[in-house]
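> model this:
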Amino acid sequence: MKTTLLTLCFVLSFGFSFSQSDSTSTKPIDLIYYIGFGIQNSDDFNLSSALQNDEFPEIRTTDFEMSLGFTVQTPKSMYSLEWANSGSEDDQNGYNYELSRNIIGLGYQYNLFKINQHKFNLGARINYTFIENELYNTNSEADLANPSNLGELTKIDLNNWYLGPVMSFQFNDKDLEPWLRLQVSYDFNLSQNSWDSDYTQLINTIEEDQHMFRFQAIFPF
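Residues are numbered from 1 along each chain as shown. Next up, the predicted model:
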């Protein structure tokens, strides 16, 4: 939650400072805030194989996402900074997982061509992704009179860098103001890091190398 709030504050404050500095500029530059909704689909988690051997459910690889961000647009280019969040959870015979994914993305797209006032863009984006996963068994018991036996909850996290192509089609009104952008991207896992934890010492940690496809419907405001 702290990571989410700090990221959101950074996005909004950076955008506000840019709008202030650009307000006196005569260049055709537009600063546009947006909210987005979409779907993420990644390769299977390598962790899932180990969890299923111990009765845990498989980690879901397709999730809904919500994003907030802004774009800086010129007649031929578009720069974007955004934060996106998704999550999933599942229960199987009392064995549970709860996963939260936060993404900070920086992108650039070039306007290849126009159809009337609408724009088709192509570019690239780099993302930093932070995943938190909680594993626990609701069949276990906790004796608060004997706290040394507590420990049925395990919190692990994963950090990875992604880079990949992004393509979008932006719908503009008659005044050339955008009102919808449909965007697809494919993120290649660059760092392929392993799971870690701030709460326990992990033994036989597992490396994750999955790539991810994203589709977003983006609404400027």
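> where's the closest residue to residue 207 other than its chain neighbours relative to residue 53, distance?
Leaving aside its sequence neighbours, residue 207 sits nearest to residue 194 (Cβ to Cβ, 6 or more residues apart in numbering; 4.5 Å). The way it works is simple: take the backbone N, C-alpha and C, and place the C-beta from them, glycine included. Residue 194 is 18 Å from residue 53, where distance means Cβ to Cβ, to the nearest Å.
> So between those two, which is more surrounded?
For residue 194 versus residue 53, the count of surrounding residues by other Cβ atoms under 10 Å is larger for residue 194: 17 against 8.
> ok, now which ones touch the closest residue to residue 73 other than its chain neighbours?
The shortest distance from residue 73 to any non-neighbouring residue, by Cβ to Cβ, 6+ apart, is to residue 30 (4.7 Å). Counting by Cβ atoms under 8 Å, 6 or more residues apart in numbering, residue 30 touches 72, 73, 74.
> Return the closest of those with respect to residue 158.
Distance to residue 158, by Cβ to Cβ, is smallest for residue 72 among the contacts of residue 30, at 30.5 Å.
> list the helices and strands the helix or strand harbouring that closest one packs on?
According to DSSP states H and E, residue 72 maps onto strand 62-73. Counting contacts by 3 or more Cβ pairs under 8 Å, 6 or more residues apart in numbering; DSSP states H and E, strand 62-73 is packed against helix 2-22, strand 30-42, strand 77-92, strand 95-115, strand 212-220.
> Would you mind putting the ones you listed into a markdown table with mean pLDDT and distance to residue 206 alongside?
A markdown table is the format used below for those (pLDDT from 0 to 100; distance: least, Cβ to Cβ, whole Å):
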| stretch | mean pLDDT | distance to residue 206 |
| --- | --- | --- |
| helix 2-22 | 47 | 22 |
| strand 30-42 | 97 | 15 |
| strand 77-92 | 96 | 18 |
| strand 95-115 | 97 | 14 |
| strand 212-220 | 98 | 17 |
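> Distance to residue 143 added to those, as JSON lines?
Compiled in JSON lines, the helices and strands packed on strand 62-73 are given as follows (distance: least, Cβ to Cβ, whole Å):
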{"stretch": "helix 2-22", "distance to residue 143": "30"}
{"stretch": "strand 30-42", "distance to residue 143": "39"}
{"stretch": "strand 77-92", "distance to residue 143": "23"}
{"stretch": "strand 95-115", "distance to residue 143": "20"}
{"stretch": "strand 212-220", "distance to residue 143": "42"}
